[in-house]
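Using only what follows, build the 3D model:
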Amino acid sequence: MRRPTPILLRAAAGTLLALAAPAAGQVVSPYTGQNAPVEVCFAAGTDPAYVEAMTNLVRLQNQVFGATDYHTGSRWPGTNGMPISLTWSFVPDGLLITSGGEPTSPSELFAKMDTAFAGQGGRAVWISRFQQVFNRWSEVTGVTYTRITFGGNDWDDGAAWGQAFQAGRRGDIRISMHSIDGPFGILGYNFFPTSGDMVLDSDDIAHYADPGGQNVEFRNTVAHEHGHGLGLSHTCSNNSHILMEPLQNTGYDGPQQDDIRGVQFFYGDRFENNNTAATATPIGVVTPGATVSFGTITLPPANTPVPGAALLSIDSTGKFDWFSFTVNNLPAAITVTPVGTTYDNSAQAGGCPGSPTNFNALAVANLSVQVYSNNGATLLGTASAAPAGSPDTLTLPILAAGTYHARVSSTNTHTQPQLYRLSLACPTPTITQQPTAQATEANATVTFQAAAGGAQIYRWRRNGLNLVEGGNISGSNTPTLRISPVKMGDAGNYSISATNGCGNTISTSVALTVSCAPNCDESTTPPILNVADFSCFLNRFAANDPWANCDGSSGFPTHNILDMICFINKFAAGCP
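As a prediction, this is how the structure comes out:
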């Protein structure tokens, strides 16, 4: 049985109404001449007062029949979130179309479209436009399509309009075209599941044949009508493009964020049935220097991302998506990133945009990612600490060669899909402790300390060059560098390079400043140490200058004969 479906009907000049087609045995409403429930949509520029009046009238009709406004109707048979395969076909010219309330007349799809596209490549091109629409819906949702032809023709078996699918003879979705209301009025209408049949208005053939954007006006019309055939109702927005808005728009191409979320709610994403490790979706190989991004939706021809949309989704609480990846004795990092924007997705009420109802599609679910060993059972790690709307990254140490499994799920309760992307990378070490600057005297001992997560090899550097295994330097290949005794030539800028199979990370560069204790007058010309330094020391000693407390004693008196002996010894050792 066919359910009520939007029909675009002319209500006044420049105005389009979307009304529901009557089903057998249903009461006809006194308000519109059609059965309820109904939806209305209007052409751009329609008087707002008229839009409001007609919408209120239709609402009264819906109340009479106990209906309420909604964004989604019912899906094709099955459980929400589970994929489905549909078939589609064209009806032959001459088949009587009887369903829409307009006068019964034969379909003329092939005659009209062949003529209109004669200068653009003919039948092959306009059929390819239909195929593009179904391919696009299949790319972004869990719906797959197969076209049915019959008897070697481009159309189906020609059974009477309204006849249900029959394998090898006609599709679940049958497509026709005939005159509905003249040009610039109705573009077409489509039945909700479980009949997805589509009727296009042959009087608007000039719009369909507009070549701009690979006939984007035509493709968006077909994609919109088939959106109803998948179970979507109209949605209004004042800040986002939505294919299922009542007013046609060619400022975008095909399903957008809200449309994709709606159909993924019904049928899941294109990788559905990956609910176990055994049916995991492969996402790539961990490779040094490369990041695998999985789940981004792009639009031809420039392959620009669809704003706020992704190929992947967790459609409701308790669902799991499994993925597999390959690694060969390398660390691995996997990131789950929620995708979405805050946008108005109001139910149609009066005109569009109507009263805004902003929805945050970025934070529907709090996502979690877990990684399991290649048997799909041994848990290796979990990342779930980030709040809803923020990415979570799980970094794992070196993994033996093999295939591993990642499971994405949500940790909160939700009833709408959360779109997301995955990325897989070979992570370079992360510096967890930076070295600190040091100041010391010559002949003393100094230590630099650093740490890095995921490092296999350490290498200390001075002034950008690696230090060598010897002399007064030890630990140049460990997180701890020790220099003893410090020489004047050891002064410079020190950093550490931490390396693993994915690459290397270099710490911040910090200074080692070395002073020469006997060089009291701080001379810089040779000989640096001379009699002037003795005079300088004696003057500072007499003045109780802290600099002259050579042995660093803290007793009383701090300045004594031991400081003179200390200075003489340091003078004798020189400035190495």
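
Could I get the full set of helices for the chain?
With DSSP state H, the ranges of helices along the chain come out as 48-64, 109-116, 123-140, 205-208, 212-229, 257-267, 531-542, 561-573.

Let's have the ones you listed in a markdown table, adding mean neighbour count.
C-beta: built from backbone N, CA, C; applies to glycine. Below are the helices of the chain laid out as a markdown table (neighbours: other C-beta atoms under 10 Å):
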| stretch | mean neighbour count |
| --- | --- |
| helix 48-64 | 16 |
| helix 109-116 | 19 |
| helix 123-140 | 18 |
| helix 205-208 | 18 |
| helix 212-229 | 21 |
| helix 257-267 | 26 |
| helix 531-542 | 16 |
| helix 561-573 | 16 |
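
Throw these into TSV and include distance to Pro83 and mean pLDDT, thanks.
Converted to TSV, the helices of the chain look like this (distance: least, C-beta to C-beta, whole Å; pLDDT from 0 to 100):
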stretch	distance to Pro83	mean pLDDT
helix 48-64	32	49
helix 109-116	29	98
helix 123-140	10	97
helix 205-208	30	90
helix 212-229	16	92
helix 257-267	5	94
helix 531-542	86	90
helix 561-573	81	87
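
Out of those, the one nearest Thr194 is which?
Comparing those against Thr194 with C-beta to C-beta, the closest turns out to be helix 212-229 (9.9 Å).

Out of the helices of the chain, which gets nearest to Met177?
Short answer: helix 109-116, nearest of the helices of the chain by C-beta to C-beta, at 3.9 Å.

Let me see the residues that make contact with the closest one.
Identification of contacts with helix 109-116 by C-beta atoms under 8 Å, 6 or more residues apart in numbering yields 90-93, 122-123, 126, 154-155, 175-177, 200, 202, 205-206, 208-209.

which among these end up buried?
Buried members of these, scored by 16 or more other C-beta atoms under 10 Å, are 90-93, 126, 155, 175-177, 200, 202, 205, 208-209.

okay, who's weakest in those residues by pLDDT?
Ranked by pLDDT, these bottom out at Tyr208, which scores 90.

quick revisit: narrow the buried ones among the contacts of helix 109-116 to those in strands?
Judged by DSSP state E, strands contain the following of those: Phe90, Ile175, Ser176, Met177, Leu200.

could these go into a markdown table alongside distance to Pro479?
As requested, those are exported to a markdown table (distance: C-beta to C-beta, whole Å):
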| residue | distance to Pro479 |
| --- | --- |
| Phe90 | 71 |
| Ile175 | 69 |
| Ser176 | 74 |
| Met177 | 74 |
| Leu200 | 71 |
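
Just list whatever residues bridge to the nearest residue to Thr478 once chain neighbours are set aside.
Sequence neighbours aside, Tyr458 is the residue nearest to Thr478 in space, at 5.8 Å (criterion: C-beta to C-beta, 6 or more residues apart in numbering). Beta-bridge pairing of Tyr458, defined through DSSP bridges, involves Ala498.

thinking again about what came up before, quick check: the farthest pair among the buried ones among the contacts of helix 109-116?
Spatial extent of the buried ones among the contacts of helix 109-116 (C-beta to C-beta) is set by the pair Pro92 and Ala209 at 21.0 Å.

Assess the claim that Phe571 and Pro518 are in contact.
Yes - using C-beta atoms under 8 Å, Phe571 is in contact with Pro518, at 4.2 Å.

Nearest to Gly376 among the ones in strands among the buried ones among the contacts of helix 109-116?
Checking those against Gly376 by C-beta to C-beta gives Ile175 as the nearest, at 43.5 Å.

Which residues are in contact with the closest one?
Contacts of Ile175 by C-beta under 8 Å, 6+ apart are Trp88, Ser89, Phe90, Val91, Leu109, Phe130, Asp197, Met198, Leu200.

would you turn the helices of the chain into JSON lines with distance to Gly489?
Output for the helices of the chain, formatted as JSON lines (distance: least, C-beta to C-beta, whole Å):
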{"stretch": "helix 48-64", "distance to Gly489": "82"}
{"stretch": "helix 109-116", "distance to Gly489": "85"}
{"stretch": "helix 123-140", "distance to Gly489": "64"}
{"stretch": "helix 205-208", "distance to Gly489": "81"}
{"stretch": "helix 212-229", "distance to Gly489": "69"}
{"stretch": "helix 257-267", "distance to Gly489": "62"}
{"stretch": "helix 531-542", "distance to Gly489": "20"}
{"stretch": "helix 561-573", "distance to Gly489": "15"}
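
wait, Gln256 sits on Leu299?
No - the criterion here is C-beta under 8 Å, and Gln256 misses it with Leu299 at 9.9 Å.

Name the residue in the two with the higher neighbour count.
Shown here are Gln256 and Leu299; by other C-beta atoms under 10 Å, Gln256 has more neighbours (25 against 15).

dump the residue contacts of that one.
Counting by C-beta under 8 Å, 6+ apart, Gln256 touches Ser240, His241, Ile242, Leu243, Val306, Pro307, Gly308, Ala309.

Now it: closest residue in space, sequence neighbours ignored.
In space, and not counting its chain neighbours, Gln256 is closest to His241: 5.0 Å by C-beta to C-beta, 6+ apart.

do the same with Ser476
Nearest residue to Ser476 in three dimensions, chain neighbours excluded: Leu467, at 4.2 Å (C-beta to C-beta, 6+ apart).

The one you found is in contact with Ser474, isn't it?
No - with contact defined as C-beta under 8 Å, Leu467 does not count as touching Ser474 (10.2 Å).

where do the contact lists of those two overlap?
Common neighbours of Leu467 and Ser474 (criterion: C-beta under 8 Å, 6+ apart): Leu481.

Show me which of those two is the more surrounded one.
For Leu467 versus Ser474, the count of surrounding residues by other C-beta under 10 Å is larger for Leu467: 18 against 15.

what bits of the stretch 201-350 of the chain have low per-residue confidence?
Under the criterion pLDDT under 70, the flagged ranges of the stretch 201-350 of the chain are 300-302, 349-350.

Break down it into its strands, ranges please.
For the stretch 201-350 of the chain, strands defined by DSSP state E, counting those that start in this stretch occupy the ranges 235-236, 281-285, 291-294, 296-299, 304-310, 312-314, 321-327, 330-339, 342-344, 346-347.

Can you tell me which of those strands is nearest to Thr505?
Of the strands of the stretch 201-350 of the chain, nearest to Thr505 by C-beta to C-beta is strand 330-339, at 12.1 Å.

Give me the helices and strands touching that closest one, please.
Judged by 3 or more C-beta pairs under 8 Å, 6 or more residues apart in numbering; DSSP states H and E, the packing partners of strand 330-339 are strand 304-310, strand 367-372, strand 392-399, strand 402-410, strand 418-425.

Mind checking the helices of the chain for the one nearest to Cys426?
Checking the helices of the chain against Cys426 by C-beta to C-beta gives helix 123-140 as the closest, at 28.5 Å.

could you give the angle of that closest one to strand 304-310?
Per axes from the mean of the first three to the mean of the last three C-alpha atoms, to 10 degrees, the angle that helix 123-140 makes with strand 304-310 is 40 degrees.

Run through the neighbouring helices and strands of helix 123-140.
With contacts taken as 3+ C-beta pairs under 8 Å, 6+ apart, helix 123-140 sits against helix 109-116, strand 143-147, helix 212-229, helix 257-267.

what do you get if the cut-off is 10 Å, keeping everything else the same?
strand 84-90, helix 109-116, strand 143-147, helix 212-229, helix 257-267, strand 296-299, strand 304-310 (3 or more C-beta pairs under 10 Å, 6 or more residues apart in numbering; DSSP states H and E).

now those as JSON lines including distance to Asn375?
As requested, the helices and strands packed on helix 123-140 are arranged in JSON lines below (distance: least, C-beta to C-beta, whole Å):
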{"stretch": "strand 84-90", "distance to Asn375": "32"}
{"stretch": "helix 109-116", "distance to Asn375": "54"}
{"stretch": "strand 143-147", "distance to Asn375": "31"}
{"stretch": "helix 212-229", "distance to Asn375": "42"}
{"stretch": "helix 257-267", "distance to Asn375": "30"}
{"stretch": "strand 296-299", "distance to Asn375": "30"}
{"stretch": "strand 304-310", "distance to Asn375": "29"}
